[in-house]
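Asks: below: sequence and its predicted model.
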Amino acid sequence: MSGKRVRASVVIRGAVQGVGFRPFVFRLATSLGLAGHVRNSSSGVFVEAEGDEESIADFLLRLEREKPPLAFIQSLESRLLDPSGLGPFAILASDESGKKSAFVLPDVATCPDCLREILDPNDRRFHYPFTNCTNCGPRFTIIEALPYDRSRTTMRIFPMCARCRKEYEDPRDRRFHAEPTACPACGPGLALWDPKGAVRSSEHDALLEAADAIGRGLIVALKGLGGFHLLVDARNEDAVRRLRARKRREEKPLAMMVPSIEDARMISAVSDLEERLLRSPESPIVLLRRKEGDGIAPSVAPRNPYLGLMLPYTPLHHLLLRALGFPIVATSGNLSDEPICTDEKDALARLGEIADRFLVHDRPIERHVDDSIARVTLGRELVLRRARGYAPLPLPLGRSVPESIAVGAHLKNAVAVARGERVFLGPHIGDLDTAESREAHRRSIRSLAALHEIRPERVVCDLHPDYFSTREAEMLGPPVERVQHHHAHVLACRAENELEGRVLGVAWDGTGYGPDRSVWGGEFLLVVDDGFRRVASLRPFLLPGGETAAREPRRSALGVLFEMLGEDLFGRDDLLPLRAFSQEERAVLRTMLAKRVQSPVTTSAGRLFDAVSSLLGIRQTMSFEGQAAMELEFAIPDSAPDEEYPFRLARGEDRLLVDWEPIVRAILEDAARGTSAGAIAAKFHNALASSIAAVAREVGEERVLLTGGCWQNDYLLRRTVRALRAGAFRPYWHQRVPPNDGGIALGQAAALASSSSRARPPEEER
């Protein structure tokens with residue numbers, strides 16, 4: 001090569017550790033004849049490369065173009081300097097000094113090369129369930145500190161054998177600095193325990209005995225990547241019912257794992273996009289439309305047209321599913337409302353009354369991570385639970401924020417830490433109703449903050465004073481910012497879609513504490529950089545029993561009917577919600593509503609869905625959150641009518657009101673005529689979609705954001721996007737961040753990027 005000799009000093013930030021980035025740089029630099037070195041640091045990857053100008057220019061271009069498949073480059077800063085006589089290109093030891101800003105990668109599904117090895121009888125890793133390389137395997141669940149090196153992972157307790165060490169130190173090997181690398185001679189091992197912890201078998205024999213137990217209808221607790229699964233034969237109704245009874249999970253759908261994509265196609269419809277999602281490195285549970293005669297036990301997903309399926313994503317799962325050859329239930333290893341178990345001793349204590357066998361290993365799990373859940377809608381993926389495969393990759397804010405902790409909401413909790421223009425959203429924790437889940441919330445805060453060396457200047461929480469997360473925020477020390485729940489929803493959607501400035505947010509969910517101390521949930525918020533205005537909402541109604549109504553749709557229905565009919569409703573024996581109560585209960589409820597005792601005012605869209613479900617006799621009480629609304633949606637036939645019920649926009653004291661009374665009256669008339677529940681449900685959803693477009697026209701904001709738990713409703717989302725586009729509006733919705741409360745922490749952190757995180761008082765709204 002000819003030309004002037006120069007030195008390039010390069011700083012690469014992003015997901016560039018633990019993905020084979022340094023060996024890639026080494027191979028690229030040596031192929032171009034460059035001198036210099038590459039090393040990890042707490043802030044990313046640093047490169048010094050020296051050579052002629054043409055080769056250096058080629059090197060810088062190819063760094064981004066040819067990067068490893070799992071790498072994500074957020075920024076690449078380079079300077080051209082005078083040469084300094086660097087030696088042959090080398091990979092240097094990591095530099096641990098400096099502020100932590102490198103990204104921690106999520107755990108990644110088994111790559112084709114590693115799968116091929118564990119299935120090859122001639123390979124030394126044949127049947128080894130902990131095989132991995134730089135392209136796959138555990139990351140977030142084993143890392144203890146940055147930079148990402150073996151000595152700072154839970155794998156440090158397994159000294160490498162000579163053969164693994166050779167692979168680990170060879171820059172041309174795909175296991176070069178694959179921190180969890182191991183083999184049967186030096187790595188973690190398997191064992192099968194009985195419920196008292198006695199060892200029944202070990203290594204591959206343990207796996208085969210576990211498979212035999214599942215085949216005989218027993219329940220097996222398996223220690224996986226981020227915690228335990230509870231496994232049973234998904235075809236065995238008795239086994240599934242026994243699992244539900246022991247786990248105390250009455251009707252909520254159970255996730256399944258199938259041996260292959262071909263098995264998935266046998267029991268469900270799988271589009272090309274859904275197949276890509278199933279096979280992706282994230283490997284989430286994907287909601288798929290089930291087929292008739294799928295052979296799956298009815299109790300896996302009662303009255304549900306969808307199945308939640310995932311493919312094996314670790315070598316252990318691959319080997320077990322190949323030994324079985326049939327679908328299994330693979331649900332979180334916990335009692336309902338508790339966090340997933342991660343330690344085998346803890347699992348014996350907490351799952352000993354549930355599981356008949358325990359398939360365990362001795363690789364410690366640093367932090368629990370559940371399986372993610374996603375679906376494909378409108379040609380895009382929509383993450384409903386963000387955990388394994390997604391967390392804790394950062395999300396951009398567009399504006400700088402102080403170092404901070406966002407503690408999330410009370411339901412479907414996830415926490416986040418923020419620095420600069422990035423938010424690191426942690427994995428799903430769950431509802432903060434139990435001592436175990438609350439301790440998991442505390443651990444997640446400590447873990448994320450320590451991992452990224454966050455010294456918080458601010459803590460952000462929900463406006464609700466009684467949320468556990470709010471009380472926890474007040475205990476952390478730094479000044480606390482309180483962000484209204486639905487404002488946080490809109491800010492999360494705005495941040496995820498990388499928007500700035502004024503937007504109309506349609507924040508629909510079950511509940512959220514309003515600045516007026518009422519229960520919000522059907523909100524239209526005009527969000528600007530200095531706060532928001534509540535420009536519209538659903539018409540309010542009473543919730544007799546308050547939080548009890550969230551579990552009993554019949555109570556929401558009575559609140560709606562009382563708003564329409566007053567006390568006359570109690571003389572209507574034709575109303576299904578009323579008939580769902582005894583005479584004594586009706587008398588109490590009548591007094592509660594008439595005197596507004598324990599009957600808070602709400603605008604909740606979620607409770608309106610519950611009310612309609614009750615009016616149609618679909619669901620009067622629920623065993624899990626959202627059940628009534630889900631079954632109302634599922635009632636809609638594939639050939640749903642385009643007709644819709646009438647609604648009114650009324651001018652309230654300080655905002656527009658979407659008056660649902662014409663809708664409810666029409667529903668009662670249709671039901672009395674014998675119209676099918678499916679047709680009524682379709683016309684109800686269609687009316688709500690049109691009402692959103694109508695409010696958008698009144699407000700006059702082109703960009704409309706759909707956020708909150710109600711937007712997990714696939715039919716509602718599709719109809720609303722269609723209605724908004726027909727009106728020349730630009731709808732936005734969530735993709736990689738859940739629309740439910742799992743995204744609240746992102747919105748809380750995003751509020752710090754604005755000059756105010758609070759609502760304008762009502763007098764300013766007017």
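Replies: Noted; the coordinates are in hand.
Asks: elements contacting the helix or strand residue 437 falls within?
Replies: Assigned by DSSP states H and E, residue 437 belongs to helix 435-451. Helices and strands touching helix 435-451, by 3 or more CB pairs under 8 Å, 6 or more residues apart in numbering; DSSP states H and E, are strand 394-406, strand 416-425, helix 468-475. In this view, the C-beta of every residue, glycine as well, is placed from N, C-alpha and C.
Asks: ok, residues contacting the helix or strand following the last one?
Replies: Next along the chain after helix 468-475, taking DSSP H and E as the criterion, comes strand 480-483. Among residues not part of strand 480-483, those counted as contacts by CB atoms under 8 Å, 6 or more residues apart in numbering are 458-463, 470, 473-474, 491, 747-748, 751-752, 757-758.
Asks: residue 569 touches residue 579, doesn't it?
Replies: No. Residue 569 lies out of contact with residue 579 (CB atoms under 8 Å); the separation is 11.9 Å.
Asks: on that earlier part again, what angle do helix 468-475 and the helix holding residue 437 make with each other?
Replies: 50 degrees (axes from the mean of the first three to the mean of the last three CA atoms, to 10 degrees).
Asks: about what we covered before: looking at the helices and strands packed on helix 435-451, which is buried most?
Replies: Highest mean neighbour count among these (mean count of other CB atoms under 10 Å): strand 416-425, with a mean of 24.
Asks: give the buried residues for the helix holding residue 437.
Replies: 436-438, 440-441, 444-445, 447-449, 451 (16 or more other CB atoms under 10 Å).
Asks: state the mean pLDDT of the next helix or strand after it.
Replies: As assigned by DSSP H and E, the chain's next helix or strand after helix 435-451 is strand 458-462. Here strand 458-462 scores 97 as its mean pLDDT.
Asks: strand 458-462 pairs with which strands, parallel or anti?
Replies: strand 394-406 (parallel), strand 480-483 (parallel) (DSSP bridges).
Asks: mean pLDDT lowest where, among those strands?
Replies: strand 394-406 has the lowest average pLDDT among those, namely a mean of 90.
Asks: dump the buried residues of helix 435-451 into JSON lines; add pLDDT as well.
Replies: As requested, the buried residues of helix 435-451 are arranged in JSON lines below (pLDDT from 0 to 100):
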{"residue": "436", "pLDDT": "91"}
{"residue": "437", "pLDDT": "94"}
{"residue": "438", "pLDDT": "95"}
{"residue": "440", "pLDDT": "94"}
{"residue": "441", "pLDDT": "96"}
{"residue": "444", "pLDDT": "96"}
{"residue": "445", "pLDDT": "96"}
{"residue": "447", "pLDDT": "93"}
{"residue": "448", "pLDDT": "94"}
{"residue": "449", "pLDDT": "93"}
{"residue": "451", "pLDDT": "89"}
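Asks: need the nearest residue in space to residue 331, chain neighbours excluded.
Replies: In space, and not counting its chain neighbours, residue 331 is closest to residue 254: 4.8 Å by CB to CB, 6 or more residues apart in numbering.
Asks: right, and the one you found touches residue 297 too?
Replies: No. The pair residue 254 / residue 297 is not scored as a contact, 9.3 Å apart, by CB under 8 Å.
Asks: in the stretch 201-350 of the chain, which spans are helices?
Replies: In the stretch 201-350 of the chain, helices defined by DSSP state H, counting those that start in this stretch lie at 203-215, 237-247, 261-267, 272-279, 315-324, 344-351, listed in chain order.
Asks: nearest to residue 734, out of the ones you listed?
Replies: Among the helices of the stretch 201-350 of the chain, helix 272-279 comes nearest to residue 734, with 15.2 Å by CB to CB.
Asks: returning to what we had before: who are the contact partners of the residue nearest to residue 331?
Replies: Residue 254 touches 240, 243-244, 300-301, 308, 329, 331, counting by CB under 8 Å, 6+ apart.
Asks: coming back round to it: a markdown table for the helices of the stretch 201-350 of the chain, including mean neighbour count, distance to residue 181 and mean pLDDT?
Replies: Formatted as a markdown table, the helices of the stretch 201-350 of the chain follow (neighbours: other CB atoms under 10 Å; distance: least, CB to CB, whole Å; pLDDT from 0 to 100):
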| stretch | mean neighbour count | distance to residue 181 | mean pLDDT |
| --- | --- | --- | --- |
| helix 203-215 | 19 | 19 | 98 |
| helix 237-247 | 18 | 35 | 97 |
| helix 261-267 | 16 | 28 | 97 |
| helix 272-279 | 16 | 24 | 92 |
| helix 315-324 | 22 | 13 | 98 |
| helix 344-351 | 18 | 23 | 94 |
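Asks: the ones you listed: which one's closest to residue 523?
Replies: helix 272-279 (30.7 Å).
Asks: output the contacting helices and strands for that closest one.
Replies: helix 261-267, strand 285-289, strand 373-377.
Asks: quick revisit: just the closest of the buried residues of helix 435-451 to residue 112, please.
Replies: Of the buried residues of helix 435-451, the one sitting nearest to residue 112 (CB to CB) turns out to be residue 451, at 29.9 Å.
Asks: residues touching the closest one, list them.
Replies: Neighbouring residues of residue 451 by CB under 8 Å, 6+ apart: 100, 104, 143, 145-146, 392.
Asks: and the two most separated of those?
Replies: 145 and 392 (14.1 Å).
Asks: neighbour count winner among the two?
Replies: Applying other CB atoms under 10 Å to residue 145 and residue 392 shows that residue 392 carries more neighbours, namely 29 against 16.
Asks: distance of the closest residue to that one other than its chain neighbours from residue 144?
Replies: Closest residue in space to residue 392, ignoring its immediate chain neighbours: residue 424 at 4.8 Å, by CB to CB, 6+ apart. Going from residue 424 to residue 144 by CB to CB, to the nearest Å gives 16 Å.
Asks: tally up the residues packed near residue 659, please.
Replies: Neighbours of residue 659 under the rule other CB under 10 Å: 17.
Asks: quick one: distance of the helix or strand encompassing residue 664 to the chain centre.
Replies: Using DSSP H and E, residue 664 falls within helix 661-673. Centroid separation for helix 661-673 versus its chain: 37 Å, with CA atoms, centre = their mean, to the nearest Å.
Asks: picking up where we left off before, just the buried residues out of the contacts of strand 480-483, in ChimeraX syntax.
Replies: Applying 16+ other CB under 10 Å to the contacts of strand 480-483 leaves a buried subset, and the ChimeraX line that selects it is:
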select :458,459,460,461,462,463,470,473,491,747,748,751,752,757,758
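Asks: reformat the strands paired with strand 458-462 as TSV; add distance to residue 53.
Replies: Output for the strands paired with strand 458-462, formatted as TSV (distance: least, CB to CB, whole Å):
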stretch	distance to residue 53
strand 394-406	33
strand 480-483	50
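Asks: which of the ones you listed sits closest to residue 528?
Replies: Nearest of the strands paired with strand 458-462 (CB to CB): strand 394-406, 14.0 Å.
Asks: export that closest one to CSV, keeping only CA atoms.
Replies: C-alpha atoms of strand 394-406 as CSV (Å, rounded to 0.1, in the frame of the first residue of the first chain):
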residue,chain,number,x,y,z
PRO,A,394,-31.1,1.0,26.3
LEU,A,395,-33.7,3.2,24.7
PRO,A,396,-32.8,6.7,23.4
LEU,A,397,-34.4,9.7,24.9
GLY,A,398,-33.3,12.4,22.5
ARG,A,399,-32.5,14.7,25.4
SER,A,400,-30.1,14.4,28.3
VAL,A,401,-31.3,13.6,31.8
PRO,A,402,-29.5,13.5,35.1
GLU,A,403,-28.5,10.2,36.5
SER,A,404,-31.7,8.8,37.8
ILE,A,405,-33.8,5.8,38.9
ALA,A,406,-37.4,5.3,37.7
